[in-house]
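K.L.:
Test case, fold it:
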Amino acid sequence: MNQDANPYRPPNSDVGAQAGDGLAEPAGKGRRFGTLMIDYLCFVVFGFIVGAAIGLVFGARGVAAMDKIPDLLFGSVLVFTYYIVFEGIWSRTPGKWAFGTVVVNEAGARPSFRQIAGRTACRFIPFEAFSFFGVRGWHDSIPNTRVVRCR
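P.N.:
Sure, this is the predicted structure:
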């Protein structure tokens, strides 16, 4: 019997085309800015938790040791850790969860850990935030990643 004429055949659907087809809608600049604001708030809370944990576990010695570390270095380590952990494991930060976006590679699939590390390192380029006045920010274009809507 011809499958086209079979009334009991399974329905045709292209489920595989939804994942990794590279056709997802890019996140707009407003969404990206909202993501940045939520991530900044979460980063401040993360820094507070790390500082409080060091103070509780190590006491005055831990606080004295933290005071010896330059603020720029301590903050950079925290930022790097924050983005590497969230984007490395889930391809999303809390801000991306809130605004329904996700980091993907150029093919629309999950980026490699190397791309996430490169993306995070690019955040430390001076004036990188101003690169979003163009088409794509440097922390997207250099490691070949994109932030797309997922809902």
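K.L.:
what's stretch 33-45 in contact with?
P.N.:
27, 78-79, 82, 93-96, 98-99, 101, 147 (C-beta atoms under 8 Å, 6 or more residues apart in numbering). C-betas here are computed from N, CA, C, even on glycine.
K.L.:
From the residues you listed, list the buried ones, please.
P.N.:
With burial judged by 16 or more other C-beta atoms under 10 Å, the buried subset of the contacts of stretch 33-45 is 27, 78-79, 82, 93-96, 98-99, 101, 147.
K.L.:
Give me the residues contacting the worst-scoring helix or strand of the chain on mean pLDDT.
P.N.:
The helix or strand of the chain with the lowest confidence, counting by mean pLDDT, DSSP states H and E, is helix 138-141 at a mean of 92. Identification of contacts with helix 138-141 by C-beta under 8 Å, 6+ apart yields 119-120, 122-123, 125, 128, 131, 145-147.
K.L.:
Now do the helices in the chain.
P.N.:
For the chain, the helices defined by DSSP state H occupy 29-68, 71-90, 94-99, 113-122, 138-141.
K.L.:
quick one, which of those is nearest to R151?
P.N.:
Closest to R151 of the helices of the chain is helix 94-99 (C-beta to C-beta; 9.2 Å).
K.L.:
what does the closest one contact?
P.N.:
Applying C-beta under 8 Å, 6+ apart, the set of residues contacting helix 94-99 is 27, 31, 34-39, 42, 86, 102-103, 147.
K.L.:
can I get the CA coordinates of that helix in CSV?
P.N.:
Only the C-alpha atoms of helix 94-99 are listed here, as CSV (Å, rounded to 0.1, in the frame of the first residue of the first chain):
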residue,chain,number,x,y,z
PRO,A,94,20.0,34.5,35.5
GLY,A,95,19.4,37.6,33.4
LYS,A,96,19.1,35.5,30.3
TRP,A,97,16.6,33.2,32.1
ALA,A,98,14.5,36.2,33.1
PHE,A,99,14.5,37.6,29.6
